[in-house]
Structures are given as structure tokens and as C-alpha cells.
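J.: I'd like to go over a predicted model; first the sequence, then the structure.
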Amino acid sequence: MLLYTDGVTESRTRDGDMFGLEHFTDYIIRATAAGELAPETLRRLIHSILDAQPGSLRDDATLLLFEWWPPTR
């Protein structure tokens, strides 16, 4: 389960465009389809958001990942 604040999807790129929900979900779907592990996807997503900023974030941008692994027998 991935929780996020609106500061993630409403963050701005250098061009002034919003990062956006569509870009956010597309990023997660592509990484999952490529078999990327969830923590690595989250790390790369955070860097993608920060690298797109013209400066510092204007709003909070919080991501919280819960990953459940069933017990092994």
C-alpha cells in the first residue's frame, strides 16, 4: 500500500507543470511491470520528484509504503 500527500502530485517541474496523478501512477505501474522492488521504486520516484524541482518543494511531499510479505512455511 502506498500512501502519499497532495504535495507529491502537485509538485511542479522546472517548466511549471504539475508532476500530476497520471505521471505518478504511470511511474508506479511501469516500475511494477518491470519487476522493480517496491523500496527501489519509491527511492527512484522520490529522486524523480526532487530532480524535477526548480528549487525546494513548496509543499509537503510525503510517501509512505507498507509492504506485506506472507510468512514462509
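T.: Perfect, I can see it now.
J.: my guess is S11 meets D59, correct?
T.: Yes - shown here, S11 and D59 form a contact pair, counting by C-beta atoms under 8 Å, at 7.2 Å. Quick note: C-beta positions are derived from backbone N, CA and C, even for glycine.
J.: looking at those two, which one has more neighbours?
T.: For S11 versus D59, neighbours defined as other C-beta atoms under 10 Å are more numerous around S11 (21 against 12).
J.: residues in contact with that one?
T.: By C-beta atoms under 8 Å, 6 or more residues apart in numbering, the contact set of S11 is 18-19, 49, 52-53, 57-59, 61.
J.: let's go with 6 Å and repeat that
T.: 19, 49, 61 (C-beta atoms under 6 Å, 6 or more residues apart in numbering).
J.: gap between it and E67?
T.: According to C-beta to C-beta, to the nearest Å, S11 stands 24 Å off from E67.
J.: point to the residue nearest the middle of this protein.
T.: L45 (4.0 Å; C-alpha atoms, centre = their mean).
J.: find the helix or strand that it is a member of.
T.: In this structure, L45 is located in helix 38-51 according to DSSP states H and E.
J.: that older thread, just the buried ones from the contacts of S11?
T.: 19, 49, 61 (16 or more other C-beta atoms under 10 Å).
J.: related to what we said a few turns ago, next secondary structure element downstream of the helix holding L45?
T.: strand 63-65.
J.: who does that following strand pair up with?
T.: strand 2-4 (antiparallel) (DSSP bridges).
J.: give me the mean pLDDT for the strand it pairs with.
T.: For strand 2-4, the mean pLDDT works out to 93.
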